[in-house]
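Below are the sequence and a predicted model for it; my questions follow.
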Amino acid sequence: MKRLKSVLAALLIVSAALVFCGCSLFIAKPDNKPYEPDIPAPSPHDGLFVSEHGTLRFFGDGKRVVFDFDEELAKLTGLPAGEQEGAYEFLSGDLPPHGSMPIRYDVAHELRISLGETSVVIQLGIASEDGKTASSGVGTVTEERIPLLFSADKNFSVIFKKE
């Protein structure tokens, strides 16, 4: 009986130590969530954004977009040419194990545009002048700029600027 009390007391002490030390066996690991700054999220885009290959019109609701792409940009994105109305959301980029997740635009790596049954994800970023590198993520998309990033033989950007 004395030995049983000693074993139980030892187990109680070890259990308490594990709880207080935050042993990872007993604590759920957090999800792999996208980075968001500690500052308030910017307001959704509103107004007309123009590039040499088309336009994006936002309505300030964080949901609707009217795009008007020329044939070249339509082919690159997989969306139809001409004026179309659809939905959009900014995404984090691939975060295993969950994949891309909706996120505020100032830290986004991707833009999803949905048009009926069609939904495409477009990389966001700014290509270097030589096309060998590109930057994306924090600060790439701003209130005044939405840069779409593509790769062919080299990286290139189509930058939409607010009018």
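Ah, there it is. Computed from a predicted model, the values in this text were never measured in an experiment.

Where does the prediction get shaky in this protein?
1-32 (pLDDT under 70).

and it, what are its domains?
Domain assignment for the chain by automatic domain parsing gives 1-30, 46-162.

Tell me which of the ones you listed lies nearest to Glu36.
domain 46-162 (6.2 Å; C-beta to C-beta). The way it works is simple: take the backbone N, C-alpha and C, and place the C-beta from them, glycine included.

Could you tell me how far that closest one lies from the centre of the chain?
Centroid displacement of domain 46-162 relative to its chain, using C-alpha atoms, centre = their mean, to the nearest Å, is 11 Å.

Pull the number of nearby residues for the nearest residue to Glu143 once chain neighbours are set aside.
Spatial nearest neighbour of Glu143, excluding adjacent residues (C-beta to C-beta, 6 or more residues apart in numbering): Pro42 at 6.1 Å. If you count neighbours by other C-beta atoms under 10 Å, Pro42 ends up with 12.

For stretch 151-163, which outside residues touch it?
45, 47-53, 55-56, 73, 76, 123, 125-128, 130-134, 143-150 (C-beta atoms under 8 Å, 6 or more residues apart in numbering).
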